[in-house]
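**Student:** A predicted structure for the sequence below; I have some questions about it.
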Amino acid sequence: MRTIPLAVAALASALLLTACDSGGGGGSSDGKNGSACSFDGVAVQVGPASTAPAAGDTGEVPVSLTNQSKPCDLDGFAGASLEGGGTKVALTTQQGAKAQKLKLAKGDAASFTITYVRGKAGDKLSLAATKLVITLPGGDDSASYKWSYGPVQGKTSASDSDASISAFTQAGD
């Protein structure tokens, strides 16, 4: 008689373990966890910025994301590029920045910062940026925003901008 309760307990344990498998290797009990955040589920705010007032000055533009949907992950760095005058320049990550995996529940927020050096208008080393394009880690979609912070200085040319992005940090309390 003891084998039946043991067999039932073993079967129940196996079913519970199977139910907990999210299929994505995350091992979470909620199959909705472990998916990359996408622009369909987050609200994005670019700025307000600490703008660089003159050529050679450094400015910072915060980019905040608030999850409006099911739980999602930010695993890695955001992608960012600046566009203007037919030129598109991918921004690098800040030296020493380390990506971390953030889990965002509905209502949670995270942010990263774009740091740039303002260029001189009309200079061959400056990118007359008008658009910021952002991609989220683990996703294929992108979103575009107006760049209204002036030209961005290039290191050796306009296509080698002196702008970079930080890692994501959890925002709020």
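**Tutor:** That came in fine, so what should we check first?

**Student:** Hmm, residue 109 and residue 171 touching each other?
**Tutor:** Yes - contact criterion CB atoms under 8 Å: residue 171 and residue 109 qualify, at 3.9 Å. The C-beta positions use only the backbone N, C-alpha and C, and glycine is treated the same way.

**Student:** Over to the residue nearest the centre of the chain: give its phi and psi.
**Tutor:** Residue closest to the mean C-alpha point of the chain, counted by CA atoms, centre = their mean, is residue 78 at 3.4 Å. As for residue 78, its main-chain torsions (degrees, to the nearest 10) stand at phi -70, psi 160.

**Student:** That one: what's it in contact with?
**Tutor:** For residue 78, the contacting residues are 63, 112, 134-137, 165, 168, by CB atoms under 8 Å, 6 or more residues apart in numbering.

**Student:** Okay, strands next: where are they in this protein?
**Tutor:** Secondary structure of the chain (DSSP state E): strands located at 42-46, 58-67, 72-75, 79-84, 87-90, 92-93, 101-104, 109-117, 126-127, 131-135, 142-146, 152-153, 163-165, 169-171.

**Student:** of all those, which lies closest to residue 52?
**Tutor:** strand 58-67 (3.4 Å; CB to CB).
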